[in-house]
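1. fold the following and give me the result.
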Amino acid sequence: MLRRIALVCILATLFVVPLAAPFSGMAAAATNVKIAVLAFRGESEALTKWRPTAEYLTEQIPEYVFQIVPLTLAEMKSAVEGERVDFILTNPGNYVEHEAFHGVTRIATLRSSSYQSAGNRFGAVIFSRRDAADIKTLRDLKGKRFMAIRENAFGGFQLAWREMKAQGLDPFADLAALKFVGFPHDRVVEAVLAGEVDAGTVRAGVLENLALDKKIDLANLRILNSQNEPGFPYALSTSLYPEWPFAQLKNTSEQLSQKVVIALLGMPKDHSAAVRGRYAGWTVPLDYQPVHELFKELHIGPYGMPVEIRFSDLVEQYWHWGLFGVILIGIAVLWGVRVSIW
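-> Here you go, the predicted structure:
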């Protein structure tokens with residue numbers, strides 16, 4: 001009897017343990033986490049800039065593997081709606097829309113950096129060629145050709161739109177042409193310098209980064225509506241707004257989000273991920289009320305003008321109430337006829 005028990009134990013050791021090993025390995029495997037990043041200067045630039053940050057998060061939270069997913073505005077909208085990513089890193093305007101429509105929540109705010117200083121606010125720059133003698137102010141853009149990224153691009157159009165409106169200029173009615181070229185922002189700069197359009201707008205800092213990469217000469221450009229903000233290192237034509245937020249989707253684990261927040265806020269500003277990404281670490285989430293105010297003023301985003309209500313839409317949505325009303329009217333008519341006959 002003892003021999004049989006010993007034999008069973010040996011067989012269990014030989015067969016059960018090897019079978020259990022793969023499952024224990026599977027349990028220890030790291031979980032993939034996707035961070036959608038708005039690629040405003042193209043997919044390659046976004047990967048180069050943000051992949052070190054994903055690697056940093058993977059090092060800090062080894063039970064997860066973080067992956068950067070560069071997206072356009074349209075792709076970002078689709079990914080958030082389909083809950084195909086866990087976090088997003090995008091411009092403030094895009095964030096506020098996802099916050100209002102999809103329950104996205106900011107957990108940290110980027111601190112931008114340059115060779116001069118770091119901060120947590122940004123703006124946009126409006127510019128023309130320096131040799132365009134007839135363009136020196138925003139009002140001079142009336143009747144001119146203008147280029148931006150997209151109508152729904154925060155730093156790539158909406159900031160400039162607000163400044164134009166303040167100067168009494170309607171970009172949709174007063175320009176000879178309003179062209180939306182899409183990402184990357186570099187295209188707008190190239191088009192202005194090539195004379196394809198008379199002026200354009202990009203996120204503040206794009207011009208300086210292009211110059212730093214030896215791609216343009218800033219001396220060939222004129223900044224319109226130039227603003228002087230103490231400590232802000234870039235050419236600026238608009239008000240300043242809070243920097244990009246790092247935000248979680250509503251389906252993202254709170255436990256994971258807490259670990260990500262701790263890791264981001266603990267990143268030194270001189271960490272290699274920050275240096276390679278040309279930023280200076282992270283801070284607690286800022287107040288994005290200035291973005292809401294811009295949207296309200298322009299009647300866009302969550303504060304867009306009411307859409308036209310079509311009769312067909314009303315019929316499709318409330319047909320059963322209409323049918324009920326017709327039946328009631330029919331009964332009332334029959335009742336009235338019957339009473340009159342009596």
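2. please count neighbours and contacts with C-alpha atoms only from this point.
-> OK.
3. how about the residue positioned nearest the centre of the chain: what's its closest non-neighbour residue?
-> Geometric centre of the chain, nearest residue: Thr90, 3.0 Å, by Cα atoms, centre = their mean. Excluding its sequence neighbours, the residue lying closest to Thr90 (Cα to Cα, 6 or more residues apart in numbering) is Leu38, at 5.1 Å.
4. what's the burial count for the one you found?
-> Around Leu38 there are 24 other residues, counting by other Cα atoms under 10 Å.
5. what residues does it make contact with?
-> By Cα atoms under 8 Å, 6 or more residues apart in numbering, the contact list for Leu38 reads 46, 70-73, 76, 89-91.
6. will you turn the residues you listed into CSV that also has pLDDT, distance to Glu97 and secondary structure?
-> Shown next, in CSV, are the contacts of Leu38 (pLDDT from 0 to 100; distance: Cα to Cα, whole Å; DSSP: H, G, I helix; E, B strand; the rest coil):
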residue, pLDDT, distance to Glu97, secondary structure
Ala46, 93, 21, helix
Pro70, 96, 19, strand
Leu71, 95, 16, strand
Thr72, 92, 15, coil
Leu73, 90, 11, helix
Met76, 95, 11, helix
Leu89, 97, 13, strand
Thr90, 95, 11, coil
Asn91, 92, 10, coil
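7. out of these, which is most surrounded?
-> In terms of neighbour count, Leu89 stands highest of those at 26 neighbours, by other Cα under 10 Å.
8. my guess is that residue contacts Val37. True?
-> Yes: between Leu89 and Val37 there is a contact under Cα atoms under 8 Å: 4.8 Å.
9. ok, which stretches of the stretch 201-342 of the chain are helices?
-> Ranges of helices in the stretch 201-342 of the chain, per DSSP state H, counting those that start in this stretch, are 206-212, 254-265, 272-277, 289-298, 311-341.
10. worst mean pLDDT among those?
-> Note on the helices of the stretch 201-342 of the chain: helix 311-341 shows the lowest mean pLDDT, a mean of 62.
11. once you drop chain neighbours, what's closest to Leu193?
-> Nearest non-adjacent residue to Leu193 (Cα to Cα, 6+ apart): Arg129, at 6.2 Å.
12. which element is Glu196 on?
-> Counting by DSSP states H and E, Glu196 is held by no secondary-structure element, helix or strand.
13. distance of it from Asp174?
-> Going from Glu196 to Asp174 by Cα to Cα, to the nearest Å gives 18 Å.
14. same thing with Ser113?
-> For Ser113 relative to Asp174 (Cα to Cα), the value is 36 Å.
15. so those two - more neighbours on which side?
-> In terms of neighbours (other Cα under 10 Å), Ser113 is the more surrounded of Ser113 and Asp174; the figures are 21 against 15.
16. the more buried one and Arg278 touch, don't they?
-> Yes: with contact defined as Cα under 8 Å, Ser113 reaches Arg278; the gap is 6.0 Å.
17. can you give me the strands for the protein?
-> For the chain, the strands defined by DSSP state E occupy 31-38, 64-71, 87-89, 105-113, 118-119, 121-122, 124-129, 145-148, 177-180, 199-203, 221-224, 241-242, 245-248, 279-283.
18. what strands line up against the longest one, and which way round?
-> Strand 105-113 has the following sheet partners, assigned by DSSP bridges: strand 118-119 (antiparallel), strand 245-248 (antiparallel), strand 279-283 (antiparallel).
19. report the angle between the axes of it and helix 254-265?
-> 10 degrees (axes from the mean of the first three to the mean of the last three Cα atoms, to 10 degrees).
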